[in-house]
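Peer 1: all I have is the shape, not the residue letters:
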């Protein structure tokens, strides 16, 4: 849990911001943050994991 917390605070979210996010806003923030990284990894040849 601590590592996840640190990951999001390093993206510019304060603890108060995290507590105030509802599910939809959290998923939107997650998508906005990690979709570009996902695309970069695919462009570099990494395969998609279907979990």
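Peer 2: It's in. Here the structure is a predicted model, which means the values were calculated and not measured. Residues are numbered from 1 along each chain as shown.

Peer 1: which residue is nearest the centroid of the protein?
Peer 2: The centroid of the chain falls nearest to residue 30 when counting by Cα atoms, centre = their mean (3.6 Å).

Peer 1: residue 11 versus that one, what's the distance?
Peer 2: For residue 30, the distance to residue 11 (Cβ to Cβ, to the nearest Å) stands at 10 Å. Where C-beta positions appear, they are placed from N, C-alpha and C, glycine not excepted.

Peer 1: mind giving me the packing neighbours of the helix or strand hosting residue 35?
Peer 2: Residue 35 belongs to helix 23-43 when assigned by DSSP states H and E. For helix 23-43, there is no helix or strand it packs on, judged by 3 or more Cβ pairs under 8 Å, 6 or more residues apart in numbering; DSSP states H and E.

Peer 1: 10 Å instead, please
Peer 2: Helix 23-43 is packed against helix 2-9, helix 15-20, with contacts defined by 3 or more Cβ pairs under 10 Å, 6 or more residues apart in numbering; DSSP states H and E.

Peer 1: now that helix, how far from the centre of its chain.
Peer 2: 6 Å (Cα atoms, centre = their mean, to the nearest Å).

Peer 1: ramachandran angles for the residue of the chain most remote from its centre?
Peer 2: For the chain, the largest distance from the centre (Cα atoms, centre = their mean) belongs to residue 45, which lies 20.8 Å off. Backbone torsions of residue 45, given as degrees, to the nearest 10, read phi 100, psi 0.

Peer 1: distance of it from residue 35?
Peer 2: Taken as Cβ to Cβ, the span from residue 45 to residue 35 is 18 Å.

Peer 1: burial measure for residue 20, as a count.
Peer 2: The tally of other residues near residue 20 (other Cβ atoms under 10 Å) stands at 11.
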